[in-house]
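[1] Quick one: sequence and predicted model below, then my questions.
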There are 2 protein chains.
Amino acid sequence: MKPARPVRTSAPESSDARTALLDAAERLMLDEGYAAVSSRRLASRAGLDPGLIYYYFGTMDDLFIALFRRGAERSLERQAQALSSEQPLWGLWDMAHDPSDTALSGEFVALANHRKAIRAEIAAYSKKFRRMQLEMVTRVFESHRIDDESWPPAFVLLLLTSISRQLRIEETFGIDIGHAKTIAFIERRIRGLEGERTPRATRRGATRVRARRMGRRS
Amino acid sequence: MKPARPVRTSAPESSDARTALLDAAERLMLDEGYAAVSSRRLASRAGLDPGLIYYYFGTMDDLFIALFRRGAERSLERQAQALSSEQPLWGLWDMAHDPSDTALSGEFVALANHRKAIRAEIAAYSKKFRRMQLEMVTRVFESHRIDDESWPPAFVLLLLTSISRQLRIEETFGIDIGHAKTIAFIERRIRGLEGERTPRATRRGATRVRARRMGRRS
DNA sequence: GTCTATAATCAGATAGAC
DNA sequence: GTCTATCTGATTATAGAC
């Protein structure tokens, strides 16, 4: 029994078409910004009919929310893994330094300006992320007997995440004034606490793993 | 002698209508995001005819560029003043902490993703800003004999500006985890170098209200 | 589930009256 | 300079065939 118009009620949560639409939306958003993600352009990129978007998601807003959630859940998992590794600071720094995550969340922040449903979604997830991070930094700094007065965990956390984000944004604009020195300083400090970065501490292993994963098409 | 279709050639650089359009565009962008700035909505907000946009700016893109330039030039002046005051660090911190500037430039960054003309404009101005800032921090730290190894000027500069921006963004989402402690730490450090913030060092008189709010720690 | 066709709306932009 | 009217095309969303 297949409903003629499931819209936002009982459309299947997982299907090839649904996934293809989300994937295409993500790519489109990264390539040309959220404003470029219209139902028609999205469908044509996915090689599907625009009508399917409304079949699977109900509205474009709901598609954006589904896309955000998917990404947030993935990041949450990766973060949990990175923060529980033996080099949590490297993990945090490398995660915050991820180019596509930064760009995507930037687009969502801009989107949230006039789509209130997105706004609430972002706020909720951001708090989750932040709490996990703060807990980790606090724990690590305590274990290293780092003076709370000279390096408050909350400050260090905001420092790492916001500088990382800012560096990424500026890179896309071709701006790199002071970048090298800033990165060198931060990484020197992390090295002082956790030693040299080992491959295990980084997520996705950047390019190599991803390239390999894209090799297999199912 | 009035041209029937000046479009991007000889439309007057200053007029009440032109200014009203830019003002309305700025407000609209802050209220609902750049995507909400369509010729029709903009004109109706300004109480003018949509046709005037094309008369004064040629295209919507040109309007965005004009708007960005106007804001950037204003900020450049304010920054020059703030950085040449007797409390340049307070000036930098307070400027970077400006809510509307942050929101606006965030919108422009998102806009730049699919309007390449904006992109070049942002990059050029950002470098100007950054150079002025770096020069100031370097000078101030040298005069205070601050060790370049423990507090590299480039790092401190990126720290101040990007944390500031991040705090503002999060505030609009109702997120404040770690904010009070971070602000307290940074302002304590600035106070250590430049003493208590005096009204003169801040622009637009935002100080008093903020200072009161920052009084409490988290 | 996936498509065609279409409704209703809104976008950027121009022509021309005044 | 500012307006009305309009062209063209894109957008969200729905109805219904298969």
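    Now that the structure is in, tell me what you want to look at.

[2] residues in contact with stretch A:159-166?
    With contacts defined as Cβ atoms under 8 Å, 6 or more residues apart in numbering or on different chains, stretch A:159-166 is touched by A:89, A:92-93, A:96-97, A:102, A:106, A:133, A:182, A:186, B:158-159, B:161-163, B:165-166. Just so you know, the C-beta spots here come from the backbone N, C-alpha and C atoms, and that holds for glycine as well.

[3] in chain A, which spans are helices?
    For chain A, the helices defined by DSSP state H occupy A:16-32, A:39-46, A:51-57, A:60-83, A:88-96, A:99-112, A:116-143, A:153-172, A:179-194, A:206-215.

[4] Take these and lay them out in a markdown table including mean pLDDT.
    Listed next are these as a markdown table, based on pLDDT from 0 to 100:
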| stretch | mean pLDDT |
| --- | --- |
| helix A:16-32 | 95 |
| helix A:39-46 | 97 |
| helix A:51-57 | 96 |
| helix A:60-83 | 96 |
| helix A:88-96 | 96 |
| helix A:99-112 | 90 |
| helix A:116-143 | 96 |
| helix A:153-172 | 96 |
| helix A:179-194 | 98 |
| helix A:206-215 | 46 |
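
[5] Would you format these as CSV with distance to DNA strand C included?
    Below are those laid out as CSV (distance: least, Cβ to the nearest atom of the strand, whole Å):
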stretch, distance to DNA strand C
helix A:16-32, 3
helix A:39-46, 8
helix A:51-57, 3
helix A:60-83, 13
helix A:88-96, 34
helix A:99-112, 16
helix A:116-143, 18
helix A:153-172, 24
helix A:179-194, 35
helix A:206-215, 22
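
[6] Indicate which one of those is closest to B:Glu26.
    Of all the helices of chain A, helix A:99-112 sits nearest to B:Glu26, with 15.8 Å by Cβ to Cβ.

[7] so what secondary structure elements neighbour the closest one?
    Helices and strands touching helix A:99-112, as assessed by 3 or more Cβ pairs under 8 Å, 6 or more residues apart in numbering or on different chains; DSSP states H and E, comprise helix A:16-32, helix A:60-83, helix A:116-143, helix A:153-172, helix B:99-112.

[8] List the buried residues in it.
    Across helix A:99-112, burial judged by 16 or more other Cβ atoms under 10 Å in any protein chain shown covers A:101-112.

[9] I would like the residues contacting that helix, please.
    A:26, A:29-30, A:33-34, A:64, A:68, A:71, A:75, A:95-96, A:118-119, A:122, A:164-165, A:168-169, A:171-172, B:33-34, B:106-107, B:109-110, B:113, B:169, B:173.

[10] if we take the buried residues of helix A:99-112, which one ends up nearest to chain B?
    Lowest distance from chain B to the buried residues of helix A:99-112 (Cβ to the nearest Cβ) belongs to A:Ala110, with 3.6 Å.

[11] Walk me through the domains of chain A.
    A:6-58, A:69-217 (automatic domain parsing).

[12] Among those, which comes closest to B:Arg197?
    Of all the domains of chain A, domain A:69-217 comes closest under Cβ to Cβ, at 18.8 Å.

[13] next one: the closest one to chain centre, how far?
    Distance, stretch centre to chain centre, for domain A:69-217: 9 Å (Cα atoms, centre = their mean, to the nearest Å).

[14] quick one: is it near DNA strand D?
    No. In terms of Cβ under 7 Å from any atom of the strand, no part of domain A:69-217 sits within range of DNA strand D; the closest distance is 10.9 Å.

[15] Could you tell me how many residues sit around the residue lying closest to A:Leu63 once chain neighbours are set aside?
    Once flanking residues are discounted, A:Leu63 sits nearest to A:Phe57: 4.1 Å by Cβ to Cβ, 6 or more residues apart in numbering or on different chains. Residues near A:Phe57, counting by other Cβ atoms under 10 Å in any protein chain shown, number 23.

[16] do you know how far A:Phe57 is from A:Phe64?
    9 Å (Cβ to Cβ, to the nearest Å).

[17] do the same with A:Gly174
    Distance, A:Gly174 to A:Phe64, by Cβ to Cβ: 29 Å.

[18] Show me which of the two is the more surrounded one.
    A:Phe64 (23 against 12).

[19] Test my guess that that one contacts A:Glu121.
    No. The pair A:Phe64 / A:Glu121 is not scored as a contact, 9.0 Å apart, by Cβ atoms under 8 Å.

[20] if I pick the residue nearest to A:Ser15 when sequence neighbours are not counted, what's in contact with it?
    Excluding the flanking residues, the one nearest A:Ser15 by Cβ to Cβ, 6+ apart is A:Tyr56, at 7.5 Å. By Cβ under 8 Å, 6+ apart, the residues touching A:Tyr56 are A:11-12, A:15, A:17-18, A:21, A:63.

[21] let's go with 7 Å and repeat that
    By Cβ atoms under 7 Å, 6 or more residues apart in numbering or on different chains, the residues touching A:Tyr56 are A:11, A:17-18, A:21.

[22] give me phi/psi at A:Ile175?
    Dihedral angles of A:Ile175 (phi, psi; degrees, to the nearest 10) stand at phi -100, psi 130.

[23] That one: neighbouring residues, count only.
    The burial count for A:Ile175: 19, using other Cβ under 10 Å.

[24] Quick check, it in contact with B:Lys127.
    Yes. Taking contacts as Cβ atoms under 7 Å, A:Ile175 lies within contact range of B:Lys127: 5.9 Å.

[25] Would you confirm that A:Leu21 contacts A:Ala46?
    Yes. Assessed by Cβ under 7 Å, A:Leu21 is found in contact with A:Ala46 at 5.3 Å.

[26] These two - which one has more neighbours?
    Between A:Leu21 and A:Ala46, counted using other Cβ under 10 Å, the more crowded position is A:Leu21 (26 against 21).

[27] State the distance from the residue nearest in space to the middle of chain A to A:Phe68.
    Centroid check for chain A by Cα atoms, centre = their mean gives A:Asp101 as the closest residue, at 3.5 Å. Using Cβ to Cβ, A:Asp101 is found at 12 Å from A:Phe68.
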